[in-house]
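Participant: only geometry, no sequence info:
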């Protein structure tokens, strides 16, 4: 596919996601009382909002530590943090412009090439260049995969403890069993992918499987990465809990631990812009089962999203400095 066709396809896909998000927001406005949502948002404690934004930045720092465990080269943590913040900003604030993960892969690959380049050879061979690209892509995939595994693990552990908070309404059966269904579906797909090694006929995918094979002998690094992932997910769940409490909504913590992982899975579907619209409807659908009003659910969803947006703005600072000086302030 030529570059012009690819750009047109990306633009078309972005417009489609924009239409879906706009339609969902229009439907949301027609279903809830905007004034009540605004009143709920006015109850939000500014310090709680700033604190949750800070927690998000802290979670990115922990994510950078996790990422460092999955890279076969020693790279300064501050460099990885800079890349992670830039990726977060583009994923959340500028979706569809440049993929945040693609940006991270590009900068990490370039960093790895600089490490491989010798003083006598300022550029790496084609084989080494492929290896650095594979390492960048595979490490980001593994970083995402372990994080997602921890998210679902937290949800499945909380599942039996949170059942008593869930009302047996018309959506009861779906709400009760959706968490374990998603968890075991994820486990099944993972076993199929890693057991049967799908796509090994493609050189890139073969190289990625080889990268994964290396980490099968580095169980300590994987265990540490998983523990860091649990901490990261706990920070996100705690942030939602803090925001709901600051607006005087009494939502059981266990219900947050069950529903937020499902909501995150839904917002990861690539059919809207940064999950806008999907997130709000998911909040309303799930938290209505524990007696939270649509207006309250929407207010919590909005405040959580914007706390992440504010935290992600650090990535804009990193990117502007990088573009101006040709390097990150930490590089």
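Facilitator: The structure has been received and is ready for your questions. Just so you know, these numbers come straight off a predicted model, no measurement behind them.

Participant: how about low-confidence regions in the stretch 101-250 of the chain?
Facilitator: Scanning the stretch 101-250 of the chain with the threshold set as pLDDT under 70 gives 115-130, 162-176, 198-204.

Participant: repeat that for 90
Facilitator: 101-103, 105-139, 141-142, 155, 157-182, 189-219, 221, 250 (pLDDT under 90).

Participant: next, the buried residues of the longest helix anywhere in the chain.
Facilitator: Longest helix in the chain, counting residues (DSSP state H): helix 126-162. Residues 131-143, 145-156, 158-159, 162 are the ones in helix 126-162 that count as buried (16 or more other CB atoms under 10 Å). Heads up, the C-betas are built off the backbone N, CA and C, glycines and all.

Participant: same check on stretch 220-235?
Facilitator: Across stretch 220-235, burial judged by 16+ other CB under 10 Å covers 222, 225, 226, 228, 229, 230, 231, 232, 233, 235.

Participant: format these as TSV; extra columns: distance to residue 43.
Facilitator: Formatted as TSV, the buried residues of stretch 220-235 follow (distance: CB to CB, whole Å):
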residue	distance to residue 43
222	43
225	38
226	37
228	34
229	32
230	31
231	29
232	28
233	27
235	23
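
Participant: circling back: what packs against whichever helix or strand comes after the longest helix of the chain?
Facilitator: The C-terminal neighbour of helix 126-162 among helices and strands, as given by DSSP states H and E, is helix 172-196. In this structure, helix 172-196 packs against helix 126-162, helix 253-267, with contacts taken as 3 or more CB pairs under 8 Å, 6 or more residues apart in numbering; DSSP states H and E.

Participant: which elements pack onto the longest one?
Facilitator: It refers to helix 126-162. With contacts taken as 3+ CB pairs under 8 Å, 6+ apart, helix 126-162 sits against helix 46-69, helix 100-116, helix 172-196, helix 203-215, helix 219-246, helix 253-267.

Participant: picking that back up, what's the angle from the longest helix of the chain to helix 203-215?
Facilitator: Here helix 126-162 runs at an angle of 60 degrees relative to helix 203-215 (axes from the mean of the first three to the mean of the last three CA atoms, to 10 degrees).

Participant: next one: helix 126-162 to chain centre, how far?
Facilitator: Chain-centre distance of helix 126-162: 10 Å, with CA atoms, centre = their mean, to the nearest Å.

Participant: and stretch 29-41, how far out from the chain middle?
Facilitator: Relative to the chain's own centre, stretch 29-41 is displaced by 27 Å; criterion: CA atoms, centre = their mean.

Participant: and that stretch, what's buried?
Facilitator: For stretch 29-41, the neighbour count (16+ other CB under 10 Å) marks 32, 37, 40, 41 as buried.

Participant: residue contacts, the third one?
Facilitator: If you count contacts by CB atoms under 8 Å, 6 or more residues apart in numbering, residue 40 has them with 247, 295, 296, 299.

Participant: distance to residue 315 added to the helices and strands packed on helix 172-196, as TSV?
Facilitator: Output for those, formatted as TSV (distance: least, CB to CB, whole Å):
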stretch	distance to residue 315
helix 126-162	16
helix 253-267	19
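
Participant: and of the ones you listed, who's closest to residue 214?
Facilitator: Among the helices and strands packed on helix 172-196, helix 126-162 comes nearest to residue 214, with 9.3 Å by CB to CB.

Participant: next, the angle helix 100-116 makes with that closest one.
Facilitator: For helix 126-162 against helix 100-116, the angle by the same axes, to 10 degrees is 140 degrees.
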